[in-house]
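Colleague: Show me how the following folds:
(2 chains)
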Number of protein chains: 2
Amino acid sequence: MNSFDLKSYLSSKREQINEELGSIFANDSSKIIRAMKYSVMAGGKRIRPILCIAAAETVGGKDQDVIKAGCAIEMIHTYSLIHDDLPAMDNDEIRRGQATCHVAFDEATAILAGDALLTLAFEILSSLECIKENHVIDWMKVIHTISTAAGYKGMIEGQMQDMASEGDLLCLEDLENMHALKTGALIEASVTVGAILGNGNIHQIQQLGTYAKYIGLAFQVADDLLDVEGDPNVMGKNAGSDQARSKSTYPALIGIEQSKQFAKKLVNNALKALDYFDNKAHPLRAIAHYIVDRKK
Amino acid sequence: MNSFDLKSYLSSKREQINEELGSIFANDSSKIIRAMKYSVMAGGKRIRPILCIAAAETVGGKDQDVIKAGCAIEMIHTYSLIHDDLPAMDNDEIRRGQATCHVAFDEATAILAGDALLTLAFEILSSLECIKENHVIDWMKVIHTISTAAGYKGMIEGQMQDMASEGDLLCLEDLENMHALKTGALIEASVTVGAILGNGNIHQIQQLGTYAKYIGLAFQVADDLLDVEGDPNVMGKNAGSDQARSKSTYPALIGIEQSKQFAKKLVNNALKALDYFDNKAHPLRAIAHYIVDRKK
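Modeller: Okay, here's the model as predicted:
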């Protein structure tokens, strides 16, 4: 495992994903496409599509089986950022090191660009060219998994709870539940979708789901820590914004040191869920470590 | 055809659709569900799901085959209204006779309720309970048809063009193109989806698509006329708003009388596209007349 070069893995997958995403927005003749492209191509970590690919590889699938699904998930992630950044929500002006969509364009265009990315995700997931006839039922499961995770039972409910809790300090249980919905659900969906399209069996899909639950929460604890301790120049967004908004965070609730311990414990639990798999799970193992060690 | 009782047909289908939609929002324990339900259950005409059902019946299908798809389309229609009404877009305070979603709740909740309705549409369209295994490829086509019509090549581009044109008088061709995208695309999708799930053959699906194109535009011309001549108490929204915003409309471009003639011509063309069908197309025929004769 020590010999696994995560940095090369991440950058090669990221390049592949960016190429695929770029080809989708190659014709940017209209303002709405330019706004969608502006936000999607702003250079995110692409952690969700990478997880999708790595999960597929873990069960013996190929990245070409899942890259379109990974791109669709990245679009949903990007739409959620565009809408969360709006003046009526977090009112953020910087994201991924550049002006947020409503600042670079205007508010109406940003709302519609988010809507259009969410809709395009499902257009891609249902395009017959990326579906092999014999696996159409799997693609249907994929659409259902993603839409459920992104909707009012998942990510959107998480954002509602996040907004409702501003100013109040949540208890640990409510904070965990909020994160499980707001970021955990789509991360879990990314891994599950990879496992489904990689042709994993039911037990493999379940184990990978457990892995995803743990790294999803670890990802958020790490995000909270970065907001306290991170370097804004490296992150491409302002630090300290959680505290400025009196948001409930792990550091605020249990302190910085205990938050770090907690993140480590979550990563260990994630790794245990991968015991079942062979070397093909090395990327997922390395990603679990990376999630808490990253600087942005 | 004269013997066909459209009023009973519409009200019985509407009741069925409202029942189905109501059952989806039966558990309204969270604020986001209450906001979604508030807008969806505000008593729209349900013309899109009714078209979906009537198209299915025209090719010999049953309403139970398509009602869920019809409800999903109604959710997408409702999401588009919620977002169009936002302060950053049309800034409307009254819709379907009640306060718009962002007035009744708040702007952030309205944005997320729209997002959640759009997402829920795809969750429903991909739910395995409503898919018969042997028709799964048809459902995939349905998801693709709807997402393409609702996205940046369809409804959303139409809204962008509509916003961009405010203050300018469009030429007739641009106005028609804008409407074909903004309202026409989803109306055409409603009919096409009904024809697909009703098991229509390719020629039937095409004929019904032609019908839908004509009534889609007729619908918009009639809307423009209602905005000039309609009774706000009957419509449940303010009249004269297009003029107040200097929007391009058919009455503004070609006058009221010529707009009425144009709407009639479109309806006749729509009816011609139905010549191919037997009595089972009577509801679609009657709907074509209704679209230009309605008072709201």
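Colleague: need the longest helix for chain A.
Modeller: Secondary structure of chain A read by DSSP state H shows that its longest helix is helix A:202-229.
Colleague: just how off-centre is that helix within its chain?
Modeller: Distance of helix A:202-229 from its chain centroid, counting by CA atoms, centre = their mean, to the nearest Å, is 10 Å.
Colleague: could you dump stretch A:176-187 to CSV, C-alpha only?
Modeller: This file holds the C-alpha atoms of stretch A:176-187, laid out as CSV (Å, rounded to 0.1, in the frame of the first residue of the first chain):
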residue,chain,number,x,y,z
GLU,A,176,-23.6,14.4,12.5
ASN,A,177,-27.0,13.9,11.0
MET,A,178,-26.8,17.3,9.2
HIS,A,179,-23.5,16.4,7.7
ALA,A,180,-24.6,12.9,6.8
LEU,A,181,-27.3,14.6,4.7
LYS,A,182,-25.6,17.7,3.4
THR,A,183,-22.3,16.1,2.2
GLY,A,184,-22.4,12.5,3.2
ALA,A,185,-25.4,11.4,1.0
LEU,A,186,-23.8,12.5,-2.3
ILE,A,187,-20.4,11.0,-1.4
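Colleague: what about the closest residue to A:Gly154 other than its chain neighbours, how many neighbours?
Modeller: Using CB to CB, 6 or more residues apart in numbering or on different chains and skipping residues adjacent in sequence, the residue nearest A:Gly154 is A:Ala185, 3.4 Å away. C-beta: built from backbone N, CA, C; applies to glycine. Neighbour count of A:Ala185, defined by other CB atoms under 10 Å in any protein chain shown: 26.
Colleague: Show me what counts as buried in the longest helix of chain A.
Modeller: Within helix A:202-229, the residues scored as buried using 16 or more other CB atoms under 10 Å in any protein chain shown are A:204-205, A:207-228.
Colleague: How about that helix and chain B, any contact?
Modeller: No - contact of helix A:202-229 with chain B is not found when judged by CB under 8 Å from any CB of the partner chain; the minimum separation is 14.9 Å.
Colleague: What is that helix packed up against?
Modeller: Packing partners of helix A:202-229 (3 or more CB pairs under 8 Å, 6 or more residues apart in numbering or on different chains; DSSP states H and E): helix A:47-58, helix A:172-179, helix A:185-197, helix A:241-244, helix A:250-254, helix A:256-273, helix A:282-293.
Colleague: a markdown table please, covering those helices and showing mean pLDDT and distance to B:Ile124.
Modeller: Putting the helices and strands packed on helix A:202-229 into a markdown table (pLDDT from 0 to 100; distance: least, CB to CB, whole Å) gives the following:
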| stretch | mean pLDDT | distance to B:Ile124 |
| --- | --- | --- |
| helix A:47-58 | 98 | 23 |
| helix A:172-179 | 95 | 25 |
| helix A:185-197 | 97 | 17 |
| helix A:241-244 | 68 | 35 |
| helix A:250-254 | 92 | 36 |
| helix A:256-273 | 96 | 31 |
| helix A:282-293 | 94 | 32 |
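Colleague: Run a quick neighbour tally on the residue nearest to A:Leu208 when sequence neighbours are not counted.
Modeller: Distance criterion CB to CB, 6+ apart; nearest residue to A:Leu208, sequence neighbours excluded, is A:Ala195 at 4.6 Å. A:Ala195 is flanked by 27 other residues according to other CB under 10 Å.
Colleague: before we move on, what about A:Arg96?
Modeller: Residues near A:Arg96, counting by other CB under 10 Å: 18.
Colleague: With chain B as the reference, measure out to it.
Modeller: To chain B, A:Arg96 is 20 Å away according to CB to the nearest CB, to the nearest Å.
Colleague: What residues does A:Ala150 make contact with?
Modeller: Taking CB atoms under 8 Å, 6 or more residues apart in numbering or on different chains, we find A:Ala150 in contact with A:76, A:80, A:118, A:156, A:185-186, A:189, B:119.
Colleague: CA atoms only for stretch A:273-290 - export them in PDB, please.
Modeller: Taking Å, rounded to 0.1, in the frame of the first residue of the first chain, the C-alpha atoms of stretch A:273-290 are listed here in PDB:
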ATOM      1  CA  ALA A 273     -14.800  -1.800   5.700                       C
ATOM      2  CA  LEU A 274     -12.300  -2.300   2.900                       C
ATOM      3  CA  ASP A 275     -10.600  -5.300   4.500                       C
ATOM      4  CA  TYR A 276     -12.900  -7.500   2.400                       C
ATOM      5  CA  PHE A 277     -11.200  -6.200  -0.800                       C
ATOM      6  CA  ASP A 278      -7.800  -6.900  -2.500                       C
ATOM      7  CA  ASN A 279      -5.200  -4.600  -4.000                       C
ATOM      8  CA  LYS A 280      -7.800  -3.000  -6.300                       C
ATOM      9  CA  ALA A 281      -9.100  -1.100  -3.200                       C
ATOM     10  CA  HIS A 282      -5.700   0.600  -2.700                       C
ATOM     11  CA  PRO A 283      -6.900   3.900  -4.300                       C
ATOM     12  CA  LEU A 284      -9.900   4.000  -2.000                       C
ATOM     13  CA  ARG A 285      -7.600   3.300   1.000                       C
ATOM     14  CA  ALA A 286      -5.300   6.100   0.000                       C
ATOM     15  CA  ILE A 287      -8.200   8.400  -0.600                       C
ATOM     16  CA  ALA A 288      -9.400   7.800   3.000                       C
ATOM     17  CA  HIS A 289      -6.100   9.000   4.300                       C
ATOM     18  CA  TYR A 290      -6.000  11.900   1.900                       C
END
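Colleague: Residues in contact with it: which ones?
Modeller: By CB under 8 Å, 6+ apart, the residues outside stretch A:273-290 that reach it are A:1, A:4, A:6, A:9-10, A:47, A:50-51, A:54-55, A:57-60, A:191, A:203-204, A:207-208, A:210-211, A:214-215, A:218, A:267, A:270-271.
Colleague: what comes up buried for it?
Modeller: For stretch A:273-290, by 16+ other CB under 10 Å, it's A:273-274, A:277, A:281-290.
Colleague: cool, stretch A:5-23 as well?
Modeller: Within stretch A:5-23, the residues scored as buried using 16+ other CB under 10 Å are A:9-10, A:13-14, A:16-18, A:20-21.
Colleague: Poorly predicted segments of the stretch 1-150 of chain A, please.
Modeller: A:1-2, A:130, A:132-134 (pLDDT under 70).
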